[in-house]
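# what would the 3D arrangement of this be:
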Amino acid sequence: MQTNSKDKNDLFFVRFKDGEKLAFEHIFKNNYNYIVGFCSSFICDNDKAKSLAQEAFINLWINKGKINNFNGIKSFLYTYAKSECLNYIRHKKVISKYEDEYLQFKENKLNIEVLESFDFHSLEFIDLQELIQKSVKGLPEKCRIVFIMSRFDGKKNKEIADELNISIKAVEANISRALRFLKLKLAEYLPAILMQIILQYIS
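Numbering: from 1, shown residues only. Below is the predicted model of the structure:
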């Protein structure tokens, strides 16, 4: 089964390297929300996060000739996003000094330290996305729906409450429940340093 999956990935990678647009669209659809979510967890600006994610995919297409294997696709996207997030945060860090926003300054400093600590070429991080997906599937149905709407669809708590006809407190409770479940589930597989980023990633 693993061999078939590897062969499938290898064939897909060849299509991507050959510049097939359908292959690129598939990569975009399956990774865009994750890259946006990753950026958002550090820069706290959803519009900017979307812009950085789009830049990551544009640069992936431009530099596809430099990608050596299937796993290198995700590595490139996250590494590029990491670099751009660092640039953005460092810029805001300078601005925050002048605005005397001490807490924001400290948060930016922590984000920089966390981002710089990661090597996104590790197999462990590449497997993280699949691990998150499997963990989310293990959530109770209502909890999973609320979490996906919040985390993956980027909807606000009030929007979720209105769509599902539940209270905002119920939305918050389900999100908190999901985070507790995922924290326990992921802790079985991830070392402390990866837990630090995943908690920001899914919060």
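# now do the buried residues in the biggest helix by length in the chain.
Ordering each helix of the chain by length in residues (DSSP state H) puts helix 71-99 first. Neighbour-count burial for helix 71-99, counted by 16 or more other Cβ atoms under 10 Å, picks out 71-82, 84-86, 88-89, 92-93, 96. In short, each C-beta sits where N, CA and C put it, glycine included.
# would you map out the domains in the protein?
Following automatic domain parsing, one finds the domains of the chain at 1-119, 127-203.
# okay, the ones you listed in TSV with mean pLDDT next?
Below are these laid out as TSV (pLDDT from 0 to 100):
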stretch	mean pLDDT
domain 1-119	76
domain 127-203	77
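# which stretches in this protein count as helices?
Assigned by DSSP H, the helices in the chain fall at 2-17, 21-43, 46-62, 71-99, 102-116, 123-126, 128-137, 141-151, 157-164, 168-187, 192-202.
# ok, now how distant is Ser75 from Glu25?
To Glu25, Ser75 is 20 Å away according to Cβ to Cβ, to the nearest Å.
# scratch that, Ser135 is what I was asking about
In terms of Cβ to Cβ, Ser135 sits 27 Å off from Glu25.
# those two: which is more packed in?
Ser135 (20 against 10; other Cβ atoms under 10 Å).
# and the closest residue to the more buried one other than its chain neighbours, how many neighbours?
Closest residue to Ser135 apart from its sequence neighbours, by Cβ to Cβ, 6 or more residues apart in numbering: Lys185 at 4.5 Å. The tally of other residues near Lys185 (other Cβ under 10 Å) stands at 17.
# so Lys185 touches Gly138, yeah?
Yes - when contacts are counted by Cβ atoms under 8 Å, Lys185 is listed as touching Gly138 (6.6 Å).
# elements contacting the longest helix of the chain?
helix 21-43, helix 46-62, helix 102-116, helix 123-126 (3 or more Cβ pairs under 8 Å, 6 or more residues apart in numbering; DSSP states H and E).
# go with 6 Å
Using 3 or more Cβ pairs under 6 Å, 6 or more residues apart in numbering; DSSP states H and E as the contact test, the elements touching helix 71-99 are helix 21-43, helix 46-62, helix 102-116.
# of all those helices, which one is nearest Lys158?
helix 46-62 (15.7 Å; Cβ to Cβ).
# list the buried ones in that closest one?
Residues 48-50, 52-53, 56-57, 60 are the ones in helix 46-62 that count as buried (16+ other Cβ under 10 Å).
# what's in contact with that helix?
Contacts with helix 46-62, where a contact means Cβ atoms under 6 Å, 6 or more residues apart in numbering, come from 24, 28, 32, 35-36, 39-40, 76-77, 80-81, 84.
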